[in-house]
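A.B. asks: Just to be clear, the model below is a prediction. Sequence and coordinates:
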Amino acid sequence: MKVRQIYTSVLILSLVFLAGCSKTPVQEEETLHLIQENAASLPGEERADLWQDEHNTFDSYRLPDGTRLLTIYKTVGPANCYVTGTVSYNDLSESARKGIDGYYEKQGLLYDTEAELQKAYGDYLSCRENGTVYQERHVRQEITPSASNETAVSFITTVTLPVNGQEAKELRLGAVFNRETGAVYSNWDLFSLPEDAARQWLLDAPGTVSPALRKEMEAALRPEYILLFPDHLEISYPQGTLPSQEYSYSIGLDYDAELLSVLQPWAVPDGRETADSTQ
């Protein structure tokens, strides 16, 4: 088995996606409309007002003095998201789109706005105590296509949440749908092995992890952590799911003979390059 990579990751945020404290404020021009005063209650009888941009692409929670506390971007996808070489939502039949819509409506938001507001305000208070300027936190959720073939189409939900300072964490969840009906598959259906055997195969595939880490991975593994791409399959453990790992932890597996031997033929994406063919 050729392991594409085993890696931990943390997102370092740019000014476009900044969280935490700095010495000077960041200015930007924008046109916002006040949607609701006192939209959120904060500790110490503080309140946050809800503002919205003129194009309705994000909600901005601000303190009465104008401090931008938290920006939450409207969920993007699955419609109108395109990845080169992969079938998009807009390419699918009406019945398929209806099934996919139902799945993601049920999934809903994978973050808690109230909890993010409380954490943002705590960060703001810390910055004020330290004499630094608070930079607002940002939250995003996006649903994008990741792989496809004549039978199935795969999507990934990516949620980006601020951690502290200039760091963020990502939650990535995969889902695979029948391309004609929009019915969702269990990600264990992608394998020709029974679920228990497929789990053990994925845990054994890296071959280099310690027994302690393998035990953590076994306890944490969920089918939605399996992500399909045209050139590899990935198992993505979000930050916090593996006690020994500080950040998210991902394993990428090339579509070599070993992996293809345990995948259903209909589950293998188009556009792949096998590990054997690239050697």
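C.D. replies: Looks like it arrived, so ask away.
A.B. asks: Do you have the strands of the stretch 1-150 of the chain handy? List them.
C.D. replies: For the stretch 1-150 of the chain, applying DSSP state E, counting those that start in this stretch gives strands covering 3-9, 11-12, 20-22, 32-42, 46-53, 58-62, 68-73, 133-135, 137-148.
A.B. asks: Between the two ends of stretch 223-236, how far is it?
C.D. replies: For stretch 223-236, the first-to-last residue distance is 10 Å (Cα to Cα, to the nearest Å).
A.B. asks: got a list of contacts for that stretch?
C.D. replies: Here stretch 223-236 makes contact (Cβ atoms under 8 Å, 6 or more residues apart in numbering) with 4, 85-86, 146-147, 154, 156, 172-176, 186-188, 190, 202, 221, 237-238, 248-255, 259, 263, 267, 269-273. The C-beta positions use only the backbone N, C-alpha and C, and glycine is treated the same way.
A.B. asks: one more time with 7 Å, if that's ok
C.D. replies: Applying Cβ atoms under 7 Å, 6 or more residues apart in numbering, the contact partners of stretch 223-236 are 4, 85-86, 146-147, 154, 156, 172-176, 186-188, 202, 237, 248, 250-255, 259, 269-273.
A.B. asks: Just the buried ones from those?
C.D. replies: 4, 86, 146-147, 154, 156, 172-176, 187, 202, 237, 248, 250-255, 259, 269, 272 (16 or more other Cβ atoms under 10 Å).
A.B. asks: now, which of the residues you listed lie within strands?
C.D. replies: Those of these mapping onto strands are 4, 146-147, 154, 156, 172-176, 237, 248, 250-254, per DSSP state E.
A.B. asks: any low-confidence regions in the protein?
C.D. replies: Low-confidence segments of the chain (pLDDT under 70): 1-30, 164-166, 272-279.
A.B. asks: Let's see that with 50 instead.
C.D. replies: Judged by pLDDT under 50, the chain has its weakly predicted residues at 13-27, 274-279.
A.B. asks: for residue 195, what are its contacts?
C.D. replies: residue 188.
A.B. asks: quick one: it from residue 120, how far?
C.D. replies: According to Cβ to Cβ, to the nearest Å, residue 195 and residue 120 sit 40 Å apart.
A.B. asks: Please apply the same query to residue 184.
C.D. replies: Relative to residue 120, residue 184 is positioned 34 Å away (Cβ to Cβ).
A.B. asks: Quick check on those two: which one has the bigger neighbour count.
C.D. replies: Counted by other Cβ atoms under 10 Å, residue 184 and residue 120 do not tie: residue 120 has more neighbours, with 24 against 18.
A.B. asks: wait, doesn't the more buried one sit right on residue 137?
C.D. replies: Yes. Using Cβ atoms under 7 Å, residue 120 makes contact with residue 137 at a distance of 4.6 Å.
A.B. asks: okay, now residue 218: neighbour count?
C.D. replies: For residue 218, the count of nearby residues is 12 (other Cβ under 10 Å).
A.B. asks: Pretty sure it sits in a helix.
C.D. replies: Yes. Residue 218 sits within a helix when classified using DSSP: H, G, I helix; E, B strand; the rest coil.
A.B. asks: That one touches residue 200, doesn't it?
C.D. replies: No. Applying Cβ under 7 Å, one finds residue 218 not in contact with residue 200, separated by 8.3 Å.
A.B. asks: For the closest residue to residue 237 other than its chain neighbours, give the beta-bridge partners.
C.D. replies: Leaving aside its sequence neighbours, residue 237 sits nearest to residue 249 (Cβ to Cβ, 6 or more residues apart in numbering; 4.5 Å). Here residue 249 sits in beta bridges with residue 8, residue 237, going by DSSP bridges.
A.B. asks: Give me the neighbour count for residue 249.
C.D. replies: If we define neighbours as other Cβ under 10 Å, then residue 249 has 23 of them.
A.B. asks: Okay, it and residue 102: tell me how far apart.
C.D. replies: Relative to residue 102, residue 249 is positioned 31 Å away (Cβ to Cβ).
A.B. asks: Now do the contacts for residue 198.
C.D. replies: Residue 198 touches 188, 191, 262, counting by Cβ under 7 Å, 6+ apart.
A.B. asks: Assign a three-state SS to it, would you?
C.D. replies: Per three-state DSSP, residue 198 ends up helix.
A.B. asks: export the helix ranked longest in the chain as CSV, just CAs?
C.D. replies: Using DSSP state H to assign secondary structure, the helix with the most residues in the chain is helix 113-130. The C-alpha atoms that make up helix 113-130 are tabulated as CSV, following Å, rounded to 0.1, in the frame of the first residue of the first chain:
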residue,chain,number,x,y,z
THR,A,113,-23.5,30.3,16.5
GLU,A,114,-24.1,31.0,20.2
ALA,A,115,-21.1,29.1,21.3
GLU,A,116,-18.9,30.8,18.7
LEU,A,117,-20.2,34.2,19.9
GLN,A,118,-19.4,33.4,23.5
LYS,A,119,-15.8,32.3,22.6
ALA,A,120,-15.4,35.4,20.4
TYR,A,121,-16.4,37.7,23.3
GLY,A,122,-14.1,35.9,25.7
ASP,A,123,-11.3,36.5,23.2
TYR,A,124,-12.3,40.2,22.9
LEU,A,125,-12.2,40.6,26.7
SER,A,126,-8.7,39.0,26.8
CYS,A,127,-7.5,41.4,24.1
ARG,A,128,-8.9,44.4,26.0
GLU,A,129,-7.2,43.2,29.2
ASN,A,130,-3.9,42.8,27.4
